[in-house]
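> return a 3D structure for these sequence lines:
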Amino acid sequence: MFPETALSMSPLFEKKKPQSKNTYSFYLAEELMKEIDKICRQFKLSRSEVLEKLAQEGLHRHLKEKGPD
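Sure, this is the predicted structure:
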């Protein structure tokens, strides 16, 4: 376990203000979550499963476009 001071000093654990509801990025995030929820219902998967599959497909496409080293 990390001591309390280590967590508060680490930049990985910075607290950020939530996005304002009138920003474009908030709108995109909200719409993305609605689409993910539709997929969850359609395929009877959890959000975690859908996000994992999206990440796997994104990595697969990236590696395919990158080609052999």
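> show me the shaky parts of the chain.
For the chain, residues meeting the criterion pLDDT under 70 lie at 1-21, 69.
> could you measure from Arg47 over to Ile39?
Distance, Arg47 to Ile39, using Cβ to Cβ, to the nearest Å: 9 Å. C-betas here are computed from N, CA, C, even on glycine.
> more neighbours: which of the two?
More neighbours surround Ile39 than the other of Arg47 and Ile39, with 15 against 12 (other Cβ atoms under 10 Å).
> residues contacting that one?
Neighbouring residues of Ile39 by Cβ atoms under 8 Å, 6 or more residues apart in numbering: 45, 50.
> downstream neighbour of the host helix or strand of it in the secondary structure list?
Assigned by DSSP states H and E, Ile39 falls within helix 24-43. Under the assignment DSSP H and E, the closest C-terminal helix or strand after helix 24-43 is helix 47-66.
> convert that next one to PDB, retaining C-alpha atoms only.
This file holds the C-alpha atoms of helix 47-66, laid out as PDB (Å, rounded to 0.1, in the frame of the first residue of the first chain):
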ATOM      1  CA  ARG A  47     -20.100  -1.700 -20.200                       C
ATOM      2  CA  SER A  48     -16.700  -3.200 -19.300                       C
ATOM      3  CA  GLU A  49     -17.100  -6.000 -21.800                       C
ATOM      4  CA  VAL A  50     -18.000  -3.500 -24.500                       C
ATOM      5  CA  LEU A  51     -15.200  -1.200 -23.700                       C
ATOM      6  CA  GLU A  52     -12.700  -4.100 -23.700                       C
ATOM      7  CA  LYS A  53     -13.900  -5.200 -27.100                       C
ATOM      8  CA  LEU A  54     -13.600  -1.700 -28.500                       C
ATOM      9  CA  ALA A  55     -10.100  -1.400 -27.100                       C
ATOM     10  CA  GLN A  56      -9.100  -4.800 -28.600                       C
ATOM     11  CA  GLU A  57     -10.500  -3.900 -32.000                       C
ATOM     12  CA  GLY A  58      -8.800  -0.500 -31.900                       C
ATOM     13  CA  LEU A  59      -5.500  -2.200 -31.100                       C
ATOM     14  CA  HIS A  60      -6.000  -4.800 -33.800                       C
ATOM     15  CA  ARG A  61      -6.700  -2.100 -36.400                       C
ATOM     16  CA  HIS A  62      -3.700  -0.100 -35.300                       C
ATOM     17  CA  LEU A  63      -1.400  -3.100 -35.600                       C
ATOM     18  CA  LYS A  64      -2.800  -4.000 -38.900                       C
ATOM     19  CA  GLU A  65      -2.300  -0.500 -40.300                       C
ATOM     20  CA  LYS A  66       1.200  -0.300 -38.800                       C
END
